[in-house]
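K.L.:
Show me how the following folds:
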Amino acid sequence: MAEQTVRLEPVPSILVESLRDIGYSLNSALADVIDNSIAANATEVQIFAIPGDDFRIAIIDNGEGLSREKLKQAMRLGSSDPRQERELNDLGRFGLGLKTASFSQCRRLTVLSCTGEEKGAAFTWDLDYVVRENQWAVIEELNIGSIPFAKELGHSGTLVLWEKLDRLTGVRGVGKVDHTRIISEVEDYLSLVFHRYLSGEKGVNRLAISVNKRPIVPIDPFNTCHKATQAGQRELICPGVTMQAFTLPHRSHYESQYEYERSGLPGGYLRNQGVYLYRAKRLILYGTWFGLSRKTALTQLTRVKIDIDVSQDELWKIDVKKVSAQIPEEVRKRLKSLLATIGAPSRKAYSKRAARLTSPDIYPAWNAERVGDRKLYKINRTHPVIVSFLESLDSDLSTNLETVLSFIETNFPVASLFYDFANNEDSVTAPDPREEELTNMARTFFSALNQSIQDDEKVLSIMQSNEPFCSRWVETLQSLGIEEQ
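P.N.:
Predicted structure coming up:
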């Protein structure tokens, strides 16, 4: 069959605009640039995002830097072969990250690099110039001192400067930008994605990252420093892939609401349960079960750390943005087989708590009764407060009260409660009694229970494990005329 080759060169002005829409967010774009700093053995990365009309972002590291020729090559689209074997700490892959990440946010990218042996070199991709001239051409900056933030660059290292941030500020820079929100979200994202580098974990070079001179504090999604965290055994799934399951502490183990919410991460525990996938100890994606299981309230404390090295890129189909992956079949099978046991500690934390709250030893207001494969919640007719009230009624009123209690049980809002709890456990709470109501409850409970137990200390111990008294213990003692010891 006769054939001939026909050259079809991409049109620069069209392709460069298409490259901007690969799907980076500001956070993932910044993380991609920092990957290059880590590959250059940097120990410090400074990010400057100074609020103002002429909004620019600069990422500056103290890494090894690039010579003029190497920098020029690095500015080329597709500057490295993704099929080549890479160093273990090389977080790059396609030779596209620096450019596509930057283009996704700005129309003007300048990179200035110094090796310590040269005065430094700088090149600029100006997308308006590429579109206007319709050619793949960079601008070499000859007056390095005039580049914004150049004075912040040390003896060696690299400065990446984003200007004309039209995706944030609009085409002509007139868009309204919530700088405070943007900068805060950047800090939260980087504190999680690079937490193992920020904390100086064994096997990685410690990296300090700051935003506008403010150091970023790492956030460990597994809360490994908390004494109540349960860590499973680290398991080798296959060469280059390890897995370890963690069960986070229940809310009752945290000393403050802030600490509890920080460990939950943005979106909360339910949303962020699942696999945390790391490539060369850099977080790629998190909060997913890869379609193997549903996210449930009972497993919301479960998080699984999976580590892969850079040799796994093709198997896991790591994308250019390094924010998505596909789990290989071998790992999928192993993870699926372990899911039942992985989530067990989380389910146990909630089931034990539920059992305690319905234990007859503390006289709960509700009893959980098993009927076949169903569980029914019924008002506890033997509760001291209810018994005391029943005894004050004649037979007709007692019958009427039983009808009211049964009506309340029948209309227990199961579906609504499950939905609210599954979406946000913290949004579900019981009403807080007024001071007068609490006083009446405490006195009735104490009096009724003391008639059968006749031991003040034991009655107080039971009350201290019972709501609403335990949450307002000082007020409860005051209502009983008891001074706290």
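
K.L.:
Going by C-alpha atoms from here, please, whenever you check contacts or count neighbours.
P.N.:
Will do.

K.L.:
who does whatever helix or strand Glu69 lives in touch, helix- and strand-wise?
P.N.:
Per DSSP states H and E, Glu69 falls inside helix 68-74. Helix 68-74 sits against strand 121-126, with contacts defined as 3 or more CA pairs under 8 Å, 6 or more residues apart in numbering; DSSP states H and E.

K.L.:
contacts for the strand it packs on?
P.N.:
Strand 121-126 has contacts (CA atoms under 8 Å, 6 or more residues apart in numbering) with 67-68, 71-72, 75, 107-114, 137-142, 144.

K.L.:
correct me, but Ile60 touches Ser156?
P.N.:
No. Between Ile60 and Ser156 there is no contact under CA atoms under 8 Å: 10.4 Å.

K.L.:
Between those two, tell me which one has more neighbours.
P.N.:
More crowded of Ile60 and Ser156, by other CA atoms under 10 Å: Ile60, with 29 against 20.

K.L.:
Next, that one: secondary structure please.
P.N.:
For Ile60, the assignment made with DSSP: H, G, I helix; E, B strand; the rest coil gives strand.

K.L.:
can you pull up the bridge partners for it?
P.N.:
Bridge pairing for Ile60 (DSSP bridges) gives the partners Gln46, Leu159.

K.L.:
Surely Ile306 forms part of a strand?
P.N.:
Yes. Checked against three-state DSSP, Ile306 lies within a strand.

K.L.:
If we ignore the residues flanking it in sequence, what's nearest it?
P.N.:
Met243 (4.5 Å; CA to CA, 6 or more residues apart in numbering).

K.L.:
State the phi and psi torsions of that neighbour.
P.N.:
Phi and psi for Met243, reported as degrees, to the nearest 10, are phi -140, psi 140.

K.L.:
Quick check: it touching Ile308?
P.N.:
No. In this structure, Met243 is not within contact of Ile308 by CA under 8 Å, at 9.1 Å.

K.L.:
Domain map for the protein?
P.N.:
Here the domain parsing of the chain from automatic domain parsing is 12-215, 230-350, 358-392+430-479.

K.L.:
Export these to JSON lines and append columns for distance to Asn400 and mean pLDDT.
P.N.:
As requested, the domains of the chain are exported to JSON lines (distance: least, CA to CA, whole Å; pLDDT from 0 to 100):
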{"stretch": "domain 12-215", "distance to Asn400": "57", "mean pLDDT": "88"}
{"stretch": "domain 230-350", "distance to Asn400": "36", "mean pLDDT": "88"}
{"stretch": "domain 358-392+430-479", "distance to Asn400": "11", "mean pLDDT": "79"}
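
K.L.:
now the ones you listed as a markdown table including distance to Leu401?
P.N.:
Below are the domains of the chain laid out as a markdown table (distance: least, CA to CA, whole Å):
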| stretch | distance to Leu401 |
| --- | --- |
| domain 12-215 | 54 |
| domain 230-350 | 33 |
| domain 358-392+430-479 | 8 |
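
K.L.:
Report the buried residues of the strand or helix carrying Ile462.
P.N.:
In this structure, Ile462 sits in helix 456-463 according to DSSP H and E. Within helix 456-463, the residues that count as buried by 16 or more other CA atoms under 10 Å are Val459, Leu460, Ile462, Met463.

K.L.:
do stretch 292-300 as well
P.N.:
In terms of neighbour count (16+ other CA under 10 Å), stretch 292-300 has its buried residues at Lys295, Ala297, Leu298, Thr299, Gln300.

K.L.:
got the contact list for the last one?
P.N.:
With CA under 8 Å, 6+ apart as the criterion, the residues that contact Gln300 are Tyr269, Leu270, Arg271, Asn272, Gln273, Ser346.

K.L.:
for this protein, longest helix please?
P.N.:
For the chain, the helix with the greatest residue count under DSSP state H is helix 435-453.

K.L.:
who's in contact with it?
P.N.:
Helix 435-453 has contacts (CA under 8 Å, 6+ apart) with 384-385, 387-388, 456, 459-460, 463, 468-469, 476, 479-480.

K.L.:
Try it again at 10 Å.
P.N.:
With contact meaning CA atoms under 10 Å, 6 or more residues apart in numbering, helix 435-453 is reached by 363, 383-389, 432-433, 454-460, 462-463, 468-469, 472, 475-481.
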